[in-house]
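**Q** I would like to see how this sequence folds:
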Amino acid sequence: MKRFAALLDRLAYESGRSAKLTLIADYLKTTPDPDRGYALAALTGALSFRHAKAGVIRALIAERTDPVLFALAYDYVGDLSETVALMWPAPSGHEGKLDAPSLSHVVTTLTTSSKTALPQQLARWLDELDETGRWALLKLVTGGLRVGVSARLAKTALASLGGKETDEIELVWPSLAPPYGDLFAWVEGRGPRPEGAHPATFNPVMLAHAIAAEDFSGLDAAEFCAEWKWDGVRVQAVLATDPHGARHARLYSRTGEDMSATFPDLLDALAGEGAARLGDAHPPAPPVDAVLDGELLILREARVQSFNVLQQRLNRKAVTAKLIAEYPAHLRAYDLLFDGAEDVRALPFEARRARLEIVVARFASPCLDISPLVPFGSWDELAAARADPAAHGAGLDAEAIEGVMIKRRDAPYSPGRPRGPWWKWKRDPRVVDAVLMYAQRGHGKRSSFYSDYTFGVWTAADGGDELVPVGKAYFGFTDEELARIDRFVRNNTVARFGPVREVRHDGEQGLVLEVAFEGLARSPRHKSGLAMRFPRISRLRWDKPPREADRLETLVNMLGEDSEAPLARTTARKG
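**A** Numbers count the residues shown, from 1 in each chain. Down below sits the predicted model:
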């Protein structure tokens, strides 16, 4: 545990990617199994503990320190693990002098301990470890390491041990589990390439870079294809038959989260099962084995519905027949990873696309179609299609399109985010001027700054116009701008609520923020009745008085729906 704690400590203070890579590789090279495997799992976010939660940690520190003092310290530090590690009153003379547990022992114990036994075990470890060890232990428990290491970087460090490519690690990773003994043996040349036991495992997805205006000058339009970028959820459908003839179907998110239980109707249709049971007039499709990359959508009367409609199906624990009927799931495929047992990821995009068309036709399922290509001969022609999808083939589905995807015709399907083969070109975001209302302290490096901002727009009220919150953002500004906003918050605070400050926001005094966002949704949880999707601060309007900020009616018009009913419901519920 001490070596793992020392690694995290050094990673937290090291800003350079190459230096972080060297630190991780050296640790993996010099640390024995199974500790290095569990460290790799922690760095890649592959560990979770059922009963080890932040609430347990808060309860333990509350028993040992003044709650008021802890609240003040936590407000200032901004990180639970660091605050507890600093304040933990270890037994006199024992701190850091007892034998620290191994990382593998800690992980195994956290995994197997009962809910009642875990607090006492955590307390014993916190007594035994020094300040850095306590911090690392608590980071492990909470699952938020926050040391500037991505899963991809940790896998790159592992690959370097045996001269492997990171993509090779990505391909075998989803079917493996900590502590990865077989994986280390293969990387170091001591064993064969590990293979997963389950026939329907997740495969790492390929991601795109956002394209900038200056990128087009170096790209030849003739070498690329384009597709619509749908406003849904990126998913991977895996359909497989095991050696015993049993069918397996899984639906995964882009990060590998199993979504199968939430969309049984879609999987039944793709697996060639359950059509009659679901009341579908179409007969079951013949079984087809494939791994499909595509967009999860809701289709009604052959029209793609908005993301707000799709949200009614997401994260549902109980999926009823009524829910399935009202929100029918659909997969719009745009790539093929496996055709049967054949791995086709190394083929050029155009070849995979041709195979995909054949595979989709074999499925013969009304719940599956293929994302159409967008014809263009120049970047100007594609820009016109991006600006007006309805006039360029999207028709009534234009409102469900958030841009275009640009893909090299000869590009293989490479896990991760390689620069060049795939680009995403989103439609220009919507922009409004809003007024800063509340500010909250950030976490980690931002713990000393008020960096999380709640903002609102004007609407009519009984006593005149008032501001109502419509969103919250915590990025889009530079470090220099953050420092200036922080000074404004401190100098214009009118009320405090724990780590949150209310700032002056009337018609004449306040800070106007230009906010860019991707979309709007009805939200009965907000007083305004609306909530923004992916808001970010695009500009600070120090020059603009708050009274000139936008009104709620402007956002309602953007939403394109009548505002009266949802707003009335919100007011009634809060009254």
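
**Q** from now on I want contacts and neighbour counts done on CA atoms only, so please keep to that.
**A** Fine.

**Q** wait, what's in contact with the residue most central in space within the chain?
**A** In the chain, the centroid-proximal residue (Cα atoms, centre = their mean) is Thr255; its distance is 7.6 Å. Contact analysis of Thr255 by Cα atoms under 8 Å, 6 or more residues apart in numbering lists 204-205.

**Q** Tyr74 - that's part of a helix, no?
**A** Yes - counting by DSSP: H, G, I helix; E, B strand; the rest coil, Tyr74 is located in a helix.

**Q** how about the helices in the stretch 151-300 of the chain?
**A** 151-160, 166-172, 181-187, 264-270 (DSSP state H, counting those that start in this stretch).

**Q** roughly how far out does the last one sit from the chain middle?
**A** Put plainly, it is helix 264-270. In terms of Cα atoms, centre = their mean, to the nearest Å, the centre of helix 264-270 is found 25 Å from the chain centre.

**Q** kindly export it (C-alpha atoms) in CSV.
**A** In CSV, the C-alpha atoms belonging to helix 264-270 read as follows (Å, rounded to 0.1, in the frame of the first residue of the first chain):
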residue,chain,number,x,y,z
PRO,A,264,-34.7,-5.8,-23.6
ASP,A,265,-37.1,-5.0,-26.5
LEU,A,266,-34.2,-3.9,-28.8
LEU,A,267,-32.0,-6.9,-27.9
ASP,A,268,-34.9,-9.3,-28.3
ALA,A,269,-35.5,-7.9,-31.8
LEU,A,270,-31.8,-8.0,-32.8
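
**Q** by contact count, what packs against it?
**A** Where contact means 3 or more Cα pairs under 8 Å, 6 or more residues apart in numbering; DSSP states H and E, helix 264-270 is packed against strand 247-253, strand 329-339.

**Q** now the shortest one: how far from the chain's centre is it?
**A** Pointing back at strand 247-253 there. 20 Å.

**Q** any idea of the mean pLDDT for that strand?
**A** Averaged over strand 247-253, pLDDT sits at 90.

**Q** same check on stretch 498-509?
**A** Rounded mean pLDDT across stretch 498-509 is 89.

**Q** contacts for that stretch?
**A** 75, 435-441, 489, 492-496, 510-511, 545-547.

**Q** before we move on, what about stretch 298-307?
**A** 231-232, 297, 309-310, 327-330, 396-397, 399-400.

**Q** what's the burial count for the residue nearest to Thr262 when sequence neighbours are not counted?
**A** Leaving aside its chain neighbours, Thr262 sits nearest to Arg316 (5.9 Å; criterion: Cα to Cα, 6 or more residues apart in numbering). Residues contacting Arg316 under the criterion other Cα atoms under 10 Å number 14.

**Q** if I look at Arg316, how far off is Phe263?
**A** 9 Å (Cα to Cα, to the nearest Å).

**Q** ok, now Gly463?
**A** 48 Å.

**Q** higher neighbour count, the two?
**A** Neighbour count, other Cα under 10 Å: between Gly463 and Phe263, Phe263 has more, with 21 against 6.

**Q** got the phi and psi for that one?
**A** phi -130, psi 60 (degrees, to the nearest 10).

**Q** wouldn't Val141 be in contact with Lys53 here?
**A** Yes - counting by Cα atoms under 8 Å, Lys53 is a contact partner of Val141 at 6.7 Å.

**Q** would you agree Ser528 is in contact with Pro469?
**A** Yes - the pair Ser528 and Pro469 qualifies as a contact (Cα under 8 Å) at a distance of 6.4 Å.

**Q** looking only at neighbour counts, state which of these two leads.
**A** Ser528 (25 against 22).

**Q** can you confirm the more buried one is in a strand?
**A** No - per three-state DSSP, Ser528 lies outside any strand segment and is coil.

**Q** tell me which residues in stretch 527-541 are buried?
**A** 527-532, 535-538, 540-541 (16 or more other Cα atoms under 10 Å).

**Q** just stretch 52-65 next, same as before
**A** 52, 56-57, 60-62.

**Q** same question, stretch 217-227
**A** Applying 16+ other Cα under 10 Å to stretch 217-227 flags 221, 224-227 as buried.

**Q** next, format those as CSV and append pLDDT and distance to Val503.
**A** CSV is the format used below for the buried residues of stretch 217-227 (pLDDT from 0 to 100; distance: Cα to Cα, whole Å):
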residue, pLDDT, distance to Val503
Ala221, 96, 50
Phe224, 98, 50
Cys225, 97, 49
Ala226, 97, 46
Glu227, 97, 45
